[in-house]
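*Asks:* Sequence first, predicted model second:
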Amino acid sequence: MSIPFDVAILTDALPAIARGLAITIGVWITGAVSGLGLGLVVAGAQMLTGRWVRLGLRAYIEVFRGTPFLVQLFILYYGGPSVGLKLPPLAAGILALGLYGGAYFSEAFRSGFESIPPGQLEAAQCLGLSRLQIIVRIQFPQMLVIVLPALTNLIIVLCKETAVLSVVTVPELTFVLTGIGTEKFAFVETLLTLCVCYWLLVELASRLGLMVEHRVSRFLELSGS
Amino acid sequence: MRAISSRRSCRWLLLGFALLSFGSGARAEDQLQAVRRAGELVVGTEMQFAPFDFIDNGEERGFNRDFFVELGKDLKLRVRTIDLPWPSVLPGLEAGKFDIVSGPLMVTEARKAHYRFTLPIADGSVALLKRAGDSRINANADIAGHIVGGAKGSAQTEQLKTYVARLPGVTTVREYIDNNQAYADLAAGRIVAVANSLPNIAYVASQRPDTFSVVRPTFGAPIDFAYLGRSDSSSKTLIDAIDADIMAMRADGRLAAMQKKWFGSVMQTPSLGDTGATAAVGPSAGAAAGRSSGRSGPDVVHLLGLLVEAARTTVLISLIALCAGFVLGVALCSARLSGNAWLAGAGGLYVGFFRGVPLIVQLLLVYNCLPFLGINVAPLVAAAVAVTLCEAAYLAEILRGGFLGIARGQLEAARLLGLPWFATLWRIQVPQALRLTLPSLVSEAIMLVKASSLISVVGVADITRTAQNIAASTFRPLTAYAAAGVVYLVINGALSLAGHGVLRRRELSRASA
C-alpha cells in the first residue's frame, strides 16, 4: 500500500495553517515569558521569605512538577468554572503554560543561585552590600549565565506543550491541522506537516539558545581572565 | 526431487500472484469471514455520546450496547468496544483498528462518498441545548451574535455552521474534542448553546433538568443516524449482514423497544426506500435508568478505585517505555558515539526528531499513519510504541552524558584485552553510564509518567482518560481531575522517594568503601 499524500489539501488551507502557527508562537512566547517571570519571583521569594511562605512555594512546585500538564489544564479549564474561574480557552492556555513553566523555571533559578560560590556572598557582605544589592548585582547575573542551557531546554519543552492546548479548543497549530485532517479525511498530510512545523520551531529555539550561550560565555571568559 | 521443488515453487508463485491481484494478502479474506474467524466484532466509538454510548460508574451503557448485544446474539459473535475521542474514531476505522463505528453518525453525502453506512437506527436531526433559565435563548435564531459549541469534526457541527452563517451578526462556533466538554462549557457559561442530535441533547437535558433545556424545534434538514463501516469491497459482506439483522430487529420490535427505552419514543427510521422521520419527544424510561447513579452524586471511594485501576495502565505503559526505550536508547547512544559519520548522523536525526516533535503529535502520527504502511495495531500497542520511540530519544541524550563521562583509558584497556564491542558496551559502558546518570534517569521516569497522560488522546483508558469519563458522568470536573492529579502525585512521589533511597544507599556504600 502506498502512503497517500495530497499537497493541495495543505496549500488550500495555508492561511488557516499560518493563523494556527501564529497562535502557537504567540501562546508559546507569552506562556514562556510569564513562566520565566513567575519562576524568578518564586525562586527569589524562596530565598527572602520565611518558613511558611517557603513551604507553600515548595508545595506549588512539587504539585506542578508532579502532575501531567494535560491534567493541570483540565483542572484549570473544566474545573475552574465550578469555583468561579471562567477563562476563555486562549487565556486558560497561557495561564496553564505560565504556571507549569513557572514551577520548572523557579527550580532552575534556585539551582543557579545555589551554584554561586558562597565566598562571593561573604565578600559582598564584608564590602557592605545590602541583601538586595547582592542578589541583583552579584547573584542574579551569574545565575542567569549558569542556567541558560536549562532555560533553553525548558522553553523548548513549553513549545511542545502548546500542542496539548488543542485539547481545550485553543485554535493553535495542532488544533487547526488535526481539524483539517478530520474534515478532509487527510491524516498523513496534516500530521506530517505538524511534525515538520514543530521540528523547525524547536530547532530554531535551540539554535537561538546556543547563540545566546556562546555570546554570554564569551563575556564570562573575558571577565574571568 | 528437483521437479517437485520447482513445481512447488511454481505453485507458490501462482499463489503470490493471486494474493497480489487482491491488492494485499490481508484482503484475500472478506471482512465477515475475518470477523467470524476471530469470533469477535470490534466496535469503535466514543463513550461520551449518551444515550448511545456512555460510561456510567465505570460500566458501558446505552442504546448501542443493547443493540450490539442483540446483534452479537444473532450473528453469534462476541462484541468488543474500543473507546476513543471522536476525532480519532474515523481515522481508526480507516486504519482498520475496528470493524465498525457505532457512534452513530449522521448520514451525510460527504461521508457516503468515503464510507459505507448501515441502515439507519435513529433520527439524528440537530437541535440546540441551552442553559435552563437562560432567557436570551428562546428560539434557534436567538444564538445570533453569541458563541455556540459542537463536537469537532461532527456532522452536527457542520449543520450548525451552515445554520449560523445565515444568521445576522457574527456567531462563533467553538469546536470541542468531545460533546461532554461542550456541555461542560455550556454549564460554565462560556457558550450559550451546544448543537447536537436531538436524542443526545434530549437525554442530557433529562439528566440535568435544572442545568440544561432543549430549544425546539430542530433546525436544518431531517437527517438519519446510522453505524458506519469501510466502503471497500471486502467490508461489504459484514455491513450487509448487519443491515439484514437491523431489518430483523425492526421486524420483531426489538429496535422499537430499544428506541423507547433510550429515547423515550419510537422513531420512524426510514428503511431502504422511504424518507421522513419523526422527532423524539424526550426520553423517559432509559433516562430514568441512567439517572439513578448520575443523580445520587459520585461515590468518591468508587471513583478513586476506578482511577487506581486505570493507574495500572499508566504504570504499565511507562514501564514498557522505560525498559524498551532504555535498550533502544543505548543503541542510539552508541551509534552517535561510534565514530561512524553515517551512524552518528542517523542517531542524531532520530534524537532530534523525537525530541523536537510534541509527543501528542507523535502519538497521533503512529496511531493514524502506521496502518498506511501495512502495520495495524491496537490503541494500547500504538501508544506503547509511540511513547517508547520518544522515550528512547530522551534516554539516549541522557546516557550520552554518562557515556562521555567514562574515562577513555577504560575503553582502550578493554580493546587491548580483546573484549568484543558488545561486551565492552554492556559490561563496561552501560553499568557506569547508568550509575553516572541515575539522578537524571529518575527525573526522566517522572517525566515519562506525566507524558503518558497523552495516550488518553488515542483512547487508552489510562488515569487521564478515566478521569475524563468520570468528569462526564458525574459533571464534577474539578473533583475528577483533581483526584487524577493526586494519583499522579502519589506515583511520582513514590518514584522520587525510591530514587532518593537508591542514591543515598550509593552514597553510604561509597563512604564506607
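*Replies:* Sure thing, it's come through.
*Asks:* does stretch B:195-202 come close to chain A?
*Replies:* No: judged by C-beta under 8 Å from any C-beta of the partner chain, stretch B:195-202 and chain A are separated, with a smallest distance of 14.9 Å. All C-beta spots, glycine's among them, are computed from the backbone N, C-alpha and C.
*Asks:* residues making contact with that stretch?
*Replies:* B:49-52, B:106, B:122-129, B:148-151, B:154, B:156-157, B:159-160, B:163, B:179, B:182, B:194, B:212, B:214, B:218, B:225, B:262-264, B:279-280, B:282-283 (C-beta atoms under 8 Å, 6 or more residues apart in numbering or on different chains).
*Asks:* Now restrict those residues to buried residues only.
*Replies:* With neighbours counted by 16 or more other C-beta atoms under 10 Å in any protein chain shown, the contacts of stretch B:195-202 contain buried members at B:49-52, B:106, B:122-129, B:148-151, B:154, B:156-157, B:159-160, B:163, B:179, B:182, B:194, B:212, B:214, B:218, B:225, B:262-264, B:279-280, B:282-283.
*Asks:* so where's chain A uncertain?
*Replies:* For chain A, the stretches with pLDDT under 70 are A:1-4, A:185, A:219-225.
*Asks:* residue boundaries of the helices in it?
*Replies:* Taking DSSP state H, the helices of chain A run over residues A:7-12, A:14-48, A:51-66, A:69-74, A:89-114, A:118-126, A:131-133, A:140-161, A:173-184, A:187-224.
*Asks:* can you pull the buried residues of the second one?
*Replies:* Applying a neighbour-count criterion of 16+ other C-beta under 10 Å, one finds A:17, A:20-21, A:23-24, A:27-28, A:30-32, A:34-36, A:38-40, A:42-44, A:46 buried in helix A:14-48.
*Asks:* I'd like to know which helix or strand in chain B has the lowest mean pLDDT.
*Replies:* One helix or strand of chain B scores below all others by mean pLDDT, DSSP states H and E: helix B:285-295, with a mean of 37.
*Asks:* Show me what residue B:78 bridges to in the sheet.
*Replies:* When bridges are called by DSSP bridges, residue B:78 pairs up with residue B:40.
*Asks:* quick one: it and residue B:43 touch, right?
*Replies:* No: counting by C-beta atoms under 8 Å, residue B:78 stays clear of residue B:43, with 10.9 Å between them.
*Asks:* same for chain A: which of the contacts of stretch B:195-202 are within range?
*Replies:* Of the contacts of stretch B:195-202, not one also sits near chain A (C-beta under 8 Å from any C-beta).
*Asks:* Strands - which of the residues you listed land there?
*Replies:* B:49, B:106, B:122-123, B:126-129, B:148-151, B:194, B:212, B:214, B:218, B:225 (DSSP state E).
*Asks:* Now residue A:124: closest residue in space, sequence neighbours ignored.
*Replies:* Excluding the flanking residues, the one nearest residue A:124 by C-beta to C-beta, 6 or more residues apart in numbering or on different chains is residue A:134, at 4.7 Å.
*Asks:* Over to residue B:392?
*Replies:* That would be residue B:328: by C-beta to C-beta, 6+ apart, it lies 3.7 Å from residue B:392.
*Asks:* Name the residues of the host helix or strand of the one you found that are buried.
*Replies:* Following DSSP states H and E, one finds residue B:328 within helix B:300-336. For helix B:300-336, a neighbour-count test (16+ other C-beta under 10 Å) marks B:303-304, B:306-307, B:310-311, B:313-315, B:317-318, B:320-322, B:324-326, B:328-330, B:332-336 as buried.
*Asks:* So what's the residue count around residue A:175?
*Replies:* Using other C-beta atoms under 10 Å in any protein chain shown, residue A:175 has 23 neighbouring residues.
*Asks:* Please report how far it lies from chain B.
*Replies:* 8 Å (C-beta to the nearest C-beta, to the nearest Å).
*Asks:* Tell me if I'm right that that residue and residue A:168 touch.
*Replies:* No: applying C-beta under 8 Å as the test, residue A:175 and residue A:168 come out as separate, 9.3 Å apart.
*Asks:* okay, and for chain B, where does confidence drop off?
*Replies:* Counting by pLDDT under 70, chain B shows low-confidence ranges at B:1-28, B:57-58, B:87, B:268-299, B:371-372, B:374, B:376-377, B:512-513.
*Asks:* where exactly do the strands run in it?
*Replies:* Assigned by DSSP E, the strands in chain B fall at B:40-45, B:48-49, B:53-56, B:59-61, B:78-83, B:100-106, B:115-123, B:126-131, B:147-151, B:172-176, B:193-197, B:212-219, B:224-230.
*Asks:* TSV for those strands, including distance to residue A:99?
*Replies:* Converted to TSV, the strands of chain B look like this (distance: least, C-beta to C-beta, whole Å):
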stretch	distance to residue A:99
strand B:40-45	34
strand B:48-49	27
strand B:53-56	30
strand B:59-61	35
strand B:78-83	30
strand B:100-106	36
strand B:115-123	42
strand B:126-131	29
strand B:147-151	25
strand B:172-176	23
strand B:193-197	28
strand B:212-219	31
strand B:224-230	41
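*Asks:* now, of the ones you listed, which is deepest in the fold?
*Replies:* Burial of the strands of chain B is given as mean neighbour count (mean count of other C-beta atoms under 10 Å in any protein chain shown); strand B:193-197 ranks first at a mean of 29.
*Asks:* Direction included, what does it pair up with?
*Replies:* Strand pairing for strand B:193-197, using DSSP bridges, gives strand B:126-131 (antiparallel), strand B:147-151 (parallel).
*Asks:* Quick one: distance of that strand to the chain centre.
*Replies:* 23 Å (C-alpha atoms, centre = their mean, to the nearest Å).
*Asks:* do the same with stretch B:126-134
*Replies:* On C-alpha atoms, centre = their mean, the centre of stretch B:126-134 falls 29 Å from that of its chain.
*Asks:* could you dump that stretch to PDB, C-alpha only?
*Replies:* Listed next in PDB are the C-alpha coordinates belonging to stretch B:126-134 (Å, rounded to 0.1, in the frame of the first residue of the first chain):
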ATOM      1  CA  VAL B 126     -29.900  18.600  15.100                       C
ATOM      2  CA  ALA B 127     -31.200  20.800  17.800                       C
ATOM      3  CA  LEU B 128     -29.800  23.200  20.400                       C
ATOM      4  CA  LEU B 129     -29.200  22.600  24.100                       C
ATOM      5  CA  LYS B 130     -29.200  25.800  26.300                       C
ATOM      6  CA  ARG B 131     -28.800  26.600  29.900                       C
ATOM      7  CA  ALA B 132     -32.000  26.200  31.800                       C
ATOM      8  CA  GLY B 133     -33.400  29.600  32.600                       C
ATOM      9  CA  ASP B 134     -31.300  31.400  30.000                       C
END
